[in-house]
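Colleague: sequence? don't have it. structure:
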């Protein structure tokens, strides 16, 4: 017989050992299952962190997560816009499968949502901050603190989410004390006013309260901040650290404030002596374009500035620490969390568990990653008379190349190492026939594997496949 102490510390359970196998539940014992905290700032660029090579960033606590954990340097969105990306992070499915193609779209199928599955396996679950996955509330009752989600998903024991339209300052209008989008030098002018509580601070207070109350049981908490999404504003003390020193000081001040609150959370985990049994995942739903290209959008494109995101897994003492160059996707986050928690991964999940990459650093892994994009809102907003609303893109990334196929614009091909800013389109270049052929084959395999029928249509893959240079 094998005896295992349960959470109470006084009751013991027996398991029968037969043929050398111990018959346990699908998950680890309650003592071995890690707590899970997922932190998702909104619109945070990959290169906004010190651990990702930015010498001007002030992000010591997120850098600590990276240094003591695993930092993926080639992680990409499922779609570079808020709601679709969040649906993939939650479920491990691509947006065409979740049917969340656009912002303000309700996620209707939560079958593979990792908090739901962990809840079913005994985890205490909580959600704090921006949700942005519906159901859509009555638009006439939108308080300045963001619309509440009613009803919230039933698998969260603690729900403090909002629709995403919340002001950065508690109790204040959305656009108070802000600087214009992509302002290269400006910081907020507070005058003689006291702005009060910054929303990130408020939401981390709630997160710390949740962790403190549930420290003796396995818990799963998602903390979703609005910053550094527009409108740009941050506490003055953070802004002054960057004023006159960097471009876009308010953006980096917002990142700095997020980092400070990550530090508060880490201190709490240490004080409660649960840090070593807590898995922390840090990522972003998408990046941000400081300088727009053909598409006048801060996101909604396949370039690295919008599509490449930070992705850090930290479970102190458990992983082989360091950077990883393997190609990761938003859809890999949910299955990886479930696998690390010892929970069976639903067969319908389209992502892949990176558990072996985290534990051993080397593992068989995919040689490409794929994502989707709608350059303009499908309802025609932000496009000239809605004429571009039907445009769509797909992107394939390998270790060396990035291929972008657009339903209307010519294809783009960038060499990742030689052209990190993606300015030299080499799609028409002579001598790259084998490269283009290989990328198209990988592209087609991805589209068939995940059943992305739109990508396989005459408007995209077969349109350009039949016109290869």
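Modeller: Happy to help now that I have it. Computed from a predicted structure; not experimentally measured.

Colleague: strands of the stretch 351-469 of the chain, residue ranges please.
Modeller: 368-373, 393-398, 401-406, 412-415 (DSSP state E, counting those that start in this stretch).

Colleague: nearest to residue 84, of these?
Modeller: Shortest distance between residue 84 and the strands of the stretch 351-469 of the chain, using C-beta to C-beta, is found for strand 368-373: 7.6 Å. Where C-beta positions appear, they are placed from N, C-alpha and C, glycine not excepted.

Colleague: domain parsing for this protein?
Modeller: Following automatic domain parsing, the chain resolves into domains at 1-32, 35-360, 369-465.

Colleague: and those as TSV, adding mean pLDDT?
Modeller: Shown next, in TSV, are the domains of the chain (pLDDT from 0 to 100):
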stretch	mean pLDDT
domain 1-32	38
domain 35-360	95
domain 369-465	94
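
Colleague: tell me the most buried of those domains?
Modeller: For the domains of the chain, the largest average neighbour count (mean count of other C-beta atoms under 10 Å) is found in domain 35-360, namely a mean of 20.

Colleague: would you map the helices across this protein?
Modeller: 60-67, 82-91, 95-98, 114-120, 199-213, 236-240, 249-271, 304-307, 333-340, 355-360, 433-449, 461-465 (DSSP state H).

Colleague: closest one to residue 152 among those helices?
Modeller: Taking these one by one with C-beta to C-beta, helix 114-120 is closest: 11.3 Å.

Colleague: quick one: residue 263 from residue 36, how far?
Modeller: 19 Å (C-beta to C-beta, to the nearest Å).

Colleague: circling back: in TSV, list the strands of the stretch 351-469 of the chain along with distance to residue 298.
Modeller: Formatted as TSV, those follow (distance: least, C-beta to C-beta, whole Å):
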stretch	distance to residue 298
strand 368-373	14
strand 393-398	16
strand 401-406	18
strand 412-415	19
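
Colleague: coming back round to it: could you dump the helices of the chain to a markdown table with distance to residue 219?
Modeller: Formatted as a markdown table, the helices of the chain follow (distance: least, C-beta to C-beta, whole Å):
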| stretch | distance to residue 219 |
| --- | --- |
| helix 60-67 | 18 |
| helix 82-91 | 17 |
| helix 95-98 | 25 |
| helix 114-120 | 9 |
| helix 199-213 | 7 |
| helix 236-240 | 29 |
| helix 249-271 | 11 |
| helix 304-307 | 32 |
| helix 333-340 | 13 |
| helix 355-360 | 20 |
| helix 433-449 | 34 |
| helix 461-465 | 44 |
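
Colleague: what's the closest of these to residue 366?
Modeller: helix 433-449 (9.3 Å).

Colleague: need the contact partners of stretch 101-112.
Modeller: For stretch 101-112, the external contacting residues (C-beta atoms under 8 Å, 6 or more residues apart in numbering) are 79, 81-84, 87, 90-93, 95, 98-100, 116, 132-136, 153, 155, 163, 334, 346, 348-349, 374, 377-379.

Colleague: what about the residue nearest to residue 179 when sequence neighbours are not counted, distance to residue 169?
Modeller: Closest residue to residue 179 apart from its sequence neighbours, by C-beta to C-beta, 6 or more residues apart in numbering: residue 186 at 3.9 Å. Distance of residue 186 to residue 169, computed by C-beta to C-beta: 17 Å.

Colleague: repeat that for residue 299.
Modeller: Distance from residue 299 to residue 169, counting by C-beta to C-beta: 23 Å.

Colleague: just residue 434 next, same as before
Modeller: Distance from residue 434 to residue 169, by C-beta to C-beta: 55 Å.

Colleague: try residue 376
Modeller: The value you get for residue 376 to residue 169, if C-beta to C-beta is used, is 31 Å.

Colleague: mind listing what residue 43 touches?
Modeller: 82, 228, 229, 230, 284, 285, 286, 287, 288, 298, 299.

Colleague: hmm, the last one is touching residue 80, no?
Modeller: Yes: in terms of C-beta atoms under 8 Å, residue 299 counts as a neighbour of residue 80; the distance is 4.8 Å.

Colleague: tell me, what's touching those two both at once?
Modeller: 286, 287, 306.

Colleague: show me the contacts for the second one.
Modeller: Just to be clear, that refers to residue 287. Residues in contact with residue 287 (C-beta under 8 Å, 6+ apart) are 43, 44, 45, 46, 80, 299, 304, 305, 306, 307, 308, 309.

Colleague: distance to residue 269 added to those, as TSV?
Modeller: Converted to TSV, the contacts of residue 287 look like this (distance: C-beta to C-beta, whole Å):
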residue	distance to residue 269
43	26
44	22
45	26
46	25
80	31
299	32
304	32
305	32
306	32
307	31
308	28
309	24
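
Colleague: between the residues you listed, which sits nearest residue 440?
Modeller: Once C-beta to C-beta is applied, the member of the contacts of residue 287 that ends up nearest residue 440 is residue 307, at 19.6 Å.

Colleague: for that closest one, give its distance to residue 373.
Modeller: Taking C-beta to C-beta, one finds residue 307 at 8 Å from residue 373.

Colleague: which neighbours do the two share?
Modeller: What both residue 307 and residue 373 touch, as defined by C-beta under 8 Å, 6+ apart, is the set 80, 301, 395.

Colleague: residue contacts, residue 352?
Modeller: Each residue near residue 352 by C-beta under 8 Å, 6+ apart is listed here: 331, 332, 335, 366.

Colleague: pull up the gap between it and residue 449, please.
Modeller: Between residue 352 and residue 449 the computed distance is 11 Å (C-beta to C-beta).

Colleague: tell me who's in contact with residue 401.
Modeller: Applying C-beta under 8 Å, 6+ apart to residue 401 gives the contacts 413, 414, 415, 416, 435, 439.

Colleague: nearest to residue 121 among these?
Modeller: The closest of the contacts of residue 401, once distances to residue 121 are taken by C-beta to C-beta, is residue 416, at 39.0 Å.

Colleague: if we can go back for a sec, of all the contacts of residue 287, which comes closest to residue 258?
Modeller: residue 44 (7.5 Å).

Colleague: now that closest one. Nearest residue, chain neighbours left out?
Modeller: residue 284 (3.9 Å).

Colleague: ok, the one you found touching residue 47?
Modeller: No: Residue 284 is beyond contact range of residue 47, at 11.5 Å (criterion: C-beta under 8 Å).

Colleague: re earlier: which of the helices of the chain sits closest to residue 191?
Modeller: helix 236-240 (10.9 Å).

Colleague: quick one: the strands in the stretch 1-150 of the chain?
Modeller: 2-5, 12-15, 17-18, 21-22, 35-40, 70-72, 75-76, 124-130.

Colleague: gap between the last one and the chain center?
Modeller: In this case it means strand 124-130. Offset of strand 124-130 from its chain centre (C-alpha atoms, centre = their mean, to the nearest Å): 15 Å.

Colleague: do the same with the fifth one
Modeller: The gap between the average C-alpha position of strand 35-40 and the chain average comes to 11 Å, counting by C-alpha atoms, centre = their mean.

Colleague: quick one: residues contacting residue 359.
Modeller: 318, 319, 320.

Colleague: now residue 71
Modeller: For residue 71, counting by C-beta under 8 Å, 6+ apart, the contacting residues are 51, 52, 310, 311, 312, 322, 323, 324.

Colleague: how far away is it from residue 281?
Modeller: From residue 71 to residue 281 the distance is 12 Å (C-beta to C-beta).
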